[in-house]
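K.L.:
quick one, fold the following:
(one chain, ligands or ions: 1)
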Amino acid sequence: MIVAIDGPAGTGKSTVASTLARRLGFSYLDTGAMYRALTWLARRDGVDLSDGPALAVLAHAHPVSFGADGHVEVDDEDVTAAIRETEIDRLVPVVARHPEVREVMRDRQRALAVTGDSVIEGRDIGSVVTPGAEVKVFLVADVDERARRRTNDRPGVEADTLAADLRARDERDAENTKPAPDAVRLDTTDLSIEQVVDRIAELVEASR
Ligand code: DC
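P.N.:
From the prediction side, this is the model:
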């Protein structure tokens with residue numbers, strides 16, 4: 001079974017998806033981490049972020065791998081922390097918008113999805129990557145609440161700056177943020193992680 005969890009930055013996707021996967025005993029795939037790792041690689045190798053075909057070649061040559069403990073690796077290097085830097089937050093939409101890049105990512109994500117029961121999080125999972133997913137959820141939340149949540153992951157960055165960054169990212173990510181028409185929309189503004197996970201677990205039970 002595939003559970004697709006999509007939504008903009010800061011809606012709780014990663015925490016919800018990884019917690020749900022653990023609870024269900026499903027594998028967990030963070031597709032945003034794949035775009036982030038490619039952005040990190042392009043910076044390391046000096047590849048022009050406006051060159052879609054060159055970025056696609058880079059993605060092919062250096063596939064990202066995920067450790068069982070959630071670590072993200074490229075070329076045997078642990079990039080788990082590096083890909084969460086603010087600079088990567090700002091640059092990743094530039095990389096993710098190239099159709100050549102999305103095609104490589106989509107194919108890899110599909111290949112990983114067919115290996116068993118999985119919870120997959122991203123922006124276009126229920127609509128483009130795995131439109132046949134049995135459960136599809138689209139998470140949304142108020143932007144100020146999303147910025148408040150981010151302050152925990154980005155200590156030292158002001159909440160106002162984070163809110164402005166989130167608005168800018170929403171705009172840049174809009175093109176690739178595609179809710180599936182049959183996704184269940186969940187507003188997480190006033191919900192705890194546990195409440196969101198419970199709600200999605202109910203949808204999983206109902207679809208079995
Ligand atoms: O969810 P995140 O913040 O880690 O995502 C990082 C970036 O990757 C974000 O700019 C949107 C993009 N992304 C995408 O275009 N498609 C996906 N399936 C996942 C992420």
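K.L.:
make it CA atoms for all contacts and neighbour counts henceforth
P.N.:
Fine.
K.L.:
near the ligand, which residues of the protein show up?
P.N.:
When proximity is defined as Cα under 6 Å from any ligand atom, the chain approaches the ligand at 9, 31-33, 35-36, 92-93, 96, 122-125, 173, 176.
K.L.:
so Asp30 makes contact with Ser118?
P.N.:
No. Contact criterion Cα atoms under 8 Å: Asp30 and Ser118 do not qualify, at 10.7 Å.
K.L.:
which parts of the helix or strand harbouring Asp170 are buried?
P.N.:
According to DSSP states H and E, Asp170 maps onto helix 159-173. For helix 159-173, burial by neighbour count (16 or more other Cα atoms under 10 Å) applies to 159, 162-163, 165-167, 169-170, 172-173.
K.L.:
nearest to Ile2, of those residues?
P.N.:
Using Cα to Cα, Asp173 comes nearest to Ile2 of the buried residues of helix 159-173, at 23.5 Å.
K.L.:
apart from its neighbours in sequence, what residue is nearest that closest one?
P.N.:
Distances taken as Cα to Cα, 6 or more residues apart in numbering place Pro93 nearest to Asp173, at 5.9 Å, with adjacent residues excluded.
K.L.:
neighbours of that neighbour, how many?
P.N.:
21 (other Cα atoms under 10 Å).
K.L.:
so is it in a helix, a strand, or just coil?
P.N.:
Recorded secondary structure, Pro93: helix (DSSP: H, G, I helix; E, B strand; the rest coil).
K.L.:
tell me how many other residues crowd Gly46.
P.N.:
Neighbour number of Gly46 under other Cα under 10 Å is 9.
K.L.:
over to Arg110?
P.N.:
14.
K.L.:
scan the residues of the chain next to the ligand and report the most crowded one.
P.N.:
Ile125 (30 neighbours).
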